[in-house]
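# pasted the sequence and its predicted model underneath.
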Amino acid sequence: MDLLREAQNIPDVTHLEIGEPDLKPPPEVIERLNFAIKNNLFNYTPALGLWELRERIAKHYLDYYGLEVSPNRIVITTGTSGAFLVAYSIILEPSDKIALADPSYPCYKNFANLLNIEPVFINVDASTNYQITPEHLEGLEVKAVHISSPSNPTGTLYDEENLKNLCEYCKERGIYLISDEIYHGLVYEKKERTALEFWDKAIVINGFSKFFCMPGFRLGWMVLPEELIRPAEVVIQNVFICAPTLSQYAALGAFDYNYLSQVKQTFKRRRDLLYQGVKDFLKIDAKPEGAFYLWADVSEYTQDSYQFAFELLKKAKVALTPGVDFGKNNTHKFVRLAYTRKEDELKLALERLKEYLS
């Protein structure tokens, strides 16, 4: 965030640091939003969310994954951030331990710290495609494991075999598995699999910020085992009351698969452009399979990715995210590049990077 604030004060910067889509949401989202406004639909919804939206998300699981999920198990949340906070609070007590990958999305550990839950970091790298495996968990006394697929910051996808093995490992040992699937839909060659396909008790979190291009609507969802629905409802009632009402009505128009396929193809073209452009002068040890990030090794140029990122910003006018934001596992050697800008800006960033690094 320090670098983002700095970048916003410098003119003519090419932005590769921002992890939110720049594309518009499906057109019906705006139509539904305007309908809700015109019809004064401003009241609180039930804490678990608008029933019509819970039903629509259940239909999405059938349409997209071929999986039947009861809408009763779907909980609407204030963004996925709200979902993480609720999930942690209903399955973990203070001093309980949760396994997290290093590198990974930094807010996971921040939510754990907020609730006095102890994060246990697992060093992952290209040898497992930046995935946690059951072998990583052997000997650890953890109550929950939290994974993300595709991952922020690496863009790597949990393969079917490992996801299935993780589910079986956690099921046999009574460990909760939380699967962050916010980047589902933005997977470019393979087919993403939801953890629910392999274990009905997995806690799956998703939302509308990435694939559906609705970041400012602050709307997410969880799929929970039935026994966790009431505890989640109580937490939401007390902490959030409900997710934003207008956003819930708008999201009813989000599942336009024809439009969303164009979103996916746009990000795939950008991924290909940026990956092909940087791989000759930055080492990418695991090709990103989804999301909209590249995880690049810059150890040829620096051993301090934080300082390196600020130098690039000031001297080359390219903003990217230092790897140390995502953990401590060799992250001083890495930076994250986001392809959430138009292709012309990505090309300009490549020219500036290549010129500066040469």
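Structure received. Numbers count the residues shown, from 1 in each chain.

# mind listing the helices for the stretch 51-200 of the chain?
51-65, 79-91, 107-114, 134-137, 160-173 (DSSP state H, counting those that start in this stretch).

# let's have those in CSV, adding mean pLDDT and mean neighbour count.
(C-beta placed from N, C-alpha, C; glycine too.) Formatted as CSV, those follow (pLDDT from 0 to 100; neighbours: other CB atoms under 10 Å):
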stretch, mean pLDDT, mean neighbour count
helix 51-65, 98, 17
helix 79-91, 98, 23
helix 107-114, 97, 16
helix 134-137, 97, 16
helix 160-173, 98, 17
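
# now the ones you listed as TSV including distance to E192?
TSV is the format used below for those (distance: least, CB to CB, whole Å):
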stretch	distance to E192
helix 51-65	9
helix 79-91	16
helix 107-114	20
helix 134-137	20
helix 160-173	10
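
# tell me which of those lies nearest to N330.
helix 134-137 (16.0 Å; CB to CB).

# about what we covered before: of all the helices of the stretch 51-200 of the chain, which lies closest to A243?
helix 79-91 (7.2 Å).

# the closest one - contacts with which helices or strands?
Under the contact criterion of 3 or more CB pairs under 8 Å, 6 or more residues apart in numbering; DSSP states H and E, helix 79-91 touches strand 74-77, helix 107-114, strand 176-180, strand 203-207, strand 220-223, helix 229-239.

# could you redo the last one with a cut-off of 6 Å?
The contact analysis (3 or more CB pairs under 6 Å, 6 or more residues apart in numbering; DSSP states H and E) places helix 79-91 against helix 107-114, strand 203-207, strand 220-223, helix 229-239.

# Provide the strand pairings for the second one, with the direction of each partner.
In the sheet containing strand 203-207, its partner strands are strand 176-180 (parallel), strand 220-223 (antiparallel), by DSSP bridges.

# between those, which one is nearest to P25?
Among those, the nearest to P25 by CB to CB is strand 220-223 (14.8 Å).

# pLDDT on that closest one, on average?
Averaging pLDDT along strand 220-223 gives 98.

# give me the contacts around stretch 187-201.
Contacts of stretch 187-201 with the rest of the structure, by CB atoms under 6 Å, 6 or more residues apart in numbering, involve 65, 160, 163-164, 167, 171, 179, 184, 202, 204, 225, 268, 289-290.

# distance to S305 for these - can I get that in JSON lines?
What follows is the contacts of stretch 187-201, written out as JSON lines (distance: CB to CB, whole Å):
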{"residue": "Y65", "distance to S305": "37"}
{"residue": "E160", "distance to S305": "32"}
{"residue": "L163", "distance to S305": "30"}
{"residue": "K164", "distance to S305": "34"}
{"residue": "C167", "distance to S305": "34"}
{"residue": "K171", "distance to S305": "38"}
{"residue": "S179", "distance to S305": "28"}
{"residue": "H184", "distance to S305": "28"}
{"residue": "A202", "distance to S305": "33"}
{"residue": "V204", "distance to S305": "32"}
{"residue": "P225", "distance to S305": "40"}
{"residue": "K268", "distance to S305": "27"}
{"residue": "E289", "distance to S305": "23"}
{"residue": "G290", "distance to S305": "23"}
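
# ok, of these, which one's closest to L50?
V204 (19.1 Å).

# so who does the closest residue to the closest one other than its chain neighbours touch?
In this structure, V204 finds its nearest non-sequential neighbour in V223, 4.3 Å apart by CB to CB, 6 or more residues apart in numbering. When contacts are counted by CB under 6 Å, 6+ apart, V223 touches 69, 73-74, 204.

# hmm, back to that, okay, the strands paired with strand 203-207 in JSON lines with distance to I241 next?
Output for the strands paired with strand 203-207, formatted as JSON lines (distance: least, CB to CB, whole Å):
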{"stretch": "strand 176-180", "distance to I241": "23"}
{"stretch": "strand 220-223", "distance to I241": "15"}
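
# quick one: closest of these to W295.
Nearest to W295, of all these, is strand 176-180, at 16.6 Å by CB to CB.

# neighbours around the closest residue to T245 other than its chain neighbours, how many?
In this structure, T245 finds its nearest non-sequential neighbour in T45, 5.4 Å apart by CB to CB, 6+ apart. For T45, the count of nearby residues is 19 (other CB atoms under 10 Å).

# let me see the contact set for T45.
242, 245, 248.

# all strands of the stretch 251-358 of the chain, in order?
293-297, 318-319, 321-322, 334-338 (DSSP state E, counting those that start in this stretch).

# any idea which of these is most buried?
strand 334-338 (a mean of 26; mean count of other CB atoms under 10 Å).

# mind checking pLDDT for F35?
pLDDT, F35: 98.

# now what about the one helix or strand it maps to, what contacts it?
Following DSSP states H and E, one finds F35 within helix 27-38. Here helix 27-38 makes contact (CB under 6 Å, 6+ apart) with 246, 249-250, 252-254, 256.
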